[in-house]
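**Q** Could you look at this predicted model? Sequence included:
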Amino acid sequence: MAKRAFVTPLSVVAVILAAIIGWLYFFDGDQAGGQRTMTAPTVVVTEARTMEFRDTIQGLGTAKANQSVNIMARVAQTVREIHFTDGQEVAKGDLLIVLNDREERARAQELEFRLAEARRQLERLRELARENAASRSMIDEQEVRVEQTSAELAVARSRLDEMRILAPFAGRLGIRQVSIGSLVRPGDVITTLDALDPIYVDFSVPELYLPSLEPGQRVAARSAAYENRVFEGRIMSLASRVDPVTRSIQVRAQINNESRELRPGMLLSVELERSIDFTMMVPESAVIPIRNEHHVYRISDENRAEMTVITIGRRLPGWVEVLSGLNEGDKVIIEGTVQVRDGLPVNVTER
C-alpha cells in the first residue's frame, strides 16, 4: 500500500500565508504600540482660581403700586365735564371729573343769601339793643338762625364738592370708563390711579433664610418684558408671620421705577443678595464624580495627569466651589479627561 502524502502544494501555500499574516500583525502591532506609548494626548487645562461668590435667594413676586385707587363717584349723577386723558400723569388735587351740580349750586347760593340776610338782621338787632330797642331774647334767636343757616350752607357746599372728583395723590391715570352724559353711581369705576415710583414687589422666602433677612438688603428684579434690564431695590419690610402652610415669609421690596416701565400686576423674578464671598472655584467640566467622591485631573510639574480627590461646596452656573484638595493656581483638565489616566503624560493647552 502506498504512503499517503502529507505535504501538498495547497498546504505549503497556507503555511506561507499564515506566516506572512503573523509577521505583519506582530510587527505592526509592536510598532503601533510603541508609537501609542510615545504619543501623549492633548488636553485643555485651566487654573483653579479665587472668584467672587454671591450667595443669593431666588423668588417670584408681583409688582404693586406704591399707592393705588379706583376713582369712583360718591353720588349718583351724570357726568358734565371730563378733565383728563387716558394714561395722564396728574398731581394731587387735580380736577378729573365734574358731575351735574346745578341743583347743589343753586341750593348753596340760596343758603349764602339767607346767611347774609340773617347776619344783617343780627347786626341790626345788636344796634337796637344798644339803644334799648331790642331784647336779649330776640338777639339770641337771631344768633341761632345764623348758626343754623351756616350749618346748612356747610352741608350744601359739601354736597357740591362731591360733584367734583379730584386726584387724591400724584400718579398715572388708567383708561377712562365714562363719557360726558354718562350716569355714574357709587361704586362705578371712572378710571384708576397708581403711584408708580417707587413700586413695590411682594415675594415669599423660605423660613430657613429668615435670620439673614433684614430691611435695607439689596434686591434685583427682572421682568420677561425687559429681558436685559435689572431693576435695583431694597427690602422695605418683612411680614410679622410665617405662613404655616408654605413655611415661608412674605417680603416686600421697594424698586426704583423712575422710567415708569414697571406696572402693577407684573410678574417679576427677584434675586435677593445674602452675602458676597471670595472662594476658590474650578469649571464644572473638570469635576469627575466617582461613587461618593469627586475627582479632578491635576497637572503636575512634569506635565502628568494626577487624579486628585476634592471636596466641593456651592455651585454657580458652570462653576464649582472647591473646599479642599487643590491650591489656587493648580492646573486642572477641563477637556480631554476621557483620554487620560492617572500618571499619564499629556500635552497641555491652556484656556
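**A** Good, I have the coordinates.
**Q** max-length strand in this structure?
**A** Ranked by residue count and defined by DSSP state E, the top strand of the chain is strand 49-72.
**Q** List the strands paired with that strand, with their directions.
**A** Within its sheet, and counting by DSSP bridges, strand 49-72 is paired with strand 189-206 (antiparallel), strand 267-283 (antiparallel).
**Q** what's downstream of it, the next helix or strand?
**A** Note on strand 49-72: by DSSP states H and E, the next helix or strand toward the C-terminus is strand 77-82.
**Q** helices or strands up against the helix or strand following that next one?
**A** Next helix or strand after strand 77-82 toward the C-terminus (DSSP H and E): strand 89-90. Under the contact criterion of 3 or more Cβ pairs under 8 Å, 6 or more residues apart in numbering; DSSP states H and E, strand 89-90 touches strand 171-173. Quick note: C-beta positions are derived from backbone N, CA and C, even for glycine.
**Q** which strands and helices sit next to the strand it packs on?
**A** Using 3+ Cβ pairs under 8 Å, 6+ apart: strand 171-173 touches strand 49-72, strand 89-90, strand 189-206.
**Q** mind redoing it with 7 Å?
**A** Counting contacts by 3 or more Cβ pairs under 7 Å, 6 or more residues apart in numbering; DSSP states H and E, strand 171-173 packs against strand 89-90, strand 189-206.
**Q** Give me the mean pLDDT for that strand.
**A** On average, the pLDDT along strand 171-173 is 88.
**Q** Partner strands of that strand, with direction?
**A** Partners of strand 171-173 in its sheet, by DSSP bridges: strand 89-90 (antiparallel), strand 189-206 (antiparallel).
**Q** Of all the ones you listed, which one is nearest Val144?
**A** strand 189-206 (41.1 Å; Cβ to Cβ).
**Q** what mean pLDDT does that closest one have?
**A** On average, strand 189-206 scores 88.
**Q** after it comes which helix or strand?
**A** With elements assigned by DSSP H and E, the helix or strand that comes after strand 189-206 is strand 218-223.
**Q** Who are the packing partners of that following strand?
**A** strand 226-242, strand 267-283.
**Q** which ones are touching Val184?
**A** Each residue near Val184 by Cβ atoms under 7 Å, 6 or more residues apart in numbering is listed here: Ala73, Gln77, Val79, Val178, Ile190.
**Q** mind checking the backbone torsions on Leu153?
**A** Backbone torsions of Leu153, given as degrees, to the nearest 10, read phi -70, psi -40.
**Q** ok, now which ones touch it?
**A** So, once contact is read as Cβ under 7 Å, 6+ apart, Leu153 ends up touching Ala108, Leu111, Glu112, Leu115.
**Q** so the second one makes contact with Ala154?
**A** No: counting by Cβ atoms under 7 Å, Leu111 stays clear of Ala154, with 9.0 Å between them.
**Q** These two: which has the busier surroundings?
**A** Leu111 (20 against 12; other Cβ atoms under 10 Å).
**Q** Give me the helices and strands touching the helix or strand containing that one, please.
**A** Assigned by DSSP H and E, Leu111 falls within helix 102-130. Helix 102-130 is packed against helix 136-161, with contacts defined by 3+ Cβ pairs under 7 Å, 6+ apart.
**Q** Any buried residues in the following helix or strand past the helix it packs on, and which?
**A** Following helix 136-161 in sequence order, the next helix or strand is strand 164-166 (DSSP H and E). Applying a neighbour-count criterion of 16 or more other Cβ atoms under 10 Å, one finds Ile165 buried in strand 164-166.
**Q** Deepest-packed of the helices and strands packed on strand 218-223, please.
**A** strand 267-283 (a mean of 17; mean count of other Cβ atoms under 10 Å).
**Q** Low-confidence ranges, the stretch 101-250 of the chain, go.
**A** 133-134 (pLDDT under 70).
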